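[1] Test case, fold it:
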Amino acid sequence: MQIAVKLNGERRSFDRNMTILRLLEMLKIPPGSIVVEHNRKILYKDMFEHTILEDGDELELIRFVGGG
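    Predicted structure coming up:
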């Protein structure tokens, strides 16, 4: 069964019981290189493994870019 999640403003479908960590792995995004906003709250990295996405959740994945 699938759930609908808004990811960076775009509706996406994922399997139920998908964790934030598994989502990042699927998207090939190293967890240490990103900030995750889950339903308008910043999520600590130690919660990625334990936070399960639910139907209707909103996620923003924010990458830091260096430069000068």
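
[2] so where do the strands sit in this protein?
    2-7, 10-15, 34-38, 41-43, 58-63 (DSSP state E).

[3] I'd like those written out as TSV, with mean neighbour count and mean pLDDT added.
    Placement of C-beta: from N, CA and C, glycine included. Below are the strands of the chain laid out as TSV (neighbours: other CB atoms under 10 Å; pLDDT from 0 to 100):
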stretch	mean neighbour count	mean pLDDT
strand 2-7	15	97
strand 10-15	11	95
strand 34-38	16	96
strand 41-43	12	97
strand 58-63	14	95
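
[4] Contact partners for the spatially most central residue of the chain?
    Residue closest to the mean C-alpha point of the chain, counted by CA atoms, centre = their mean, is residue 20 at 4.8 Å. The contact partners of residue 20, by CB atoms under 8 Å, 6 or more residues apart in numbering, come to 36, 38, 43, 47, 48, 49, 51, 53, 59.

[5] Nearest spatial neighbour of it, chain-adjacent residues omitted?
    residue 48 (4.2 Å; CB to CB, 6 or more residues apart in numbering).

[6] Also residue 45?
    Closest residue to residue 45 apart from its sequence neighbours, by CB to CB, 6+ apart: residue 31 at 6.0 Å.

[7] Might one say that that neighbour is in contact with residue 23?
    No. Using CB atoms under 8 Å, residue 31 is not in contact with residue 23, being 10.2 Å away.

[8] higher neighbour count, the two?
    Set residue 31 next to residue 23 and count neighbours by other CB atoms under 10 Å: residue 23 wins out with 21 against 13.

[9] What separation is there between the more buried one and residue 8?
    Applying CB to CB, to the nearest Å, the value for residue 23 to residue 8 is 12 Å.

[10] Pull up the overlap in contacts between these two.
    Common contacts of residue 23 and residue 8, defined by CB under 8 Å, 6+ apart, comprise residue 59.

[11] sorry, back to before: ok, now which ones touch the residue nearest to residue 45?
    If a contact means CB under 8 Å, 6+ apart, then residue 31 has 21, 24, 45, 48 as its contacts.

[12] Export those residues as CSV, with columns for pLDDT.
    Output for the contacts of residue 31, formatted as CSV (pLDDT from 0 to 100):
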residue, pLDDT
21, 97
24, 96
45, 94
48, 97
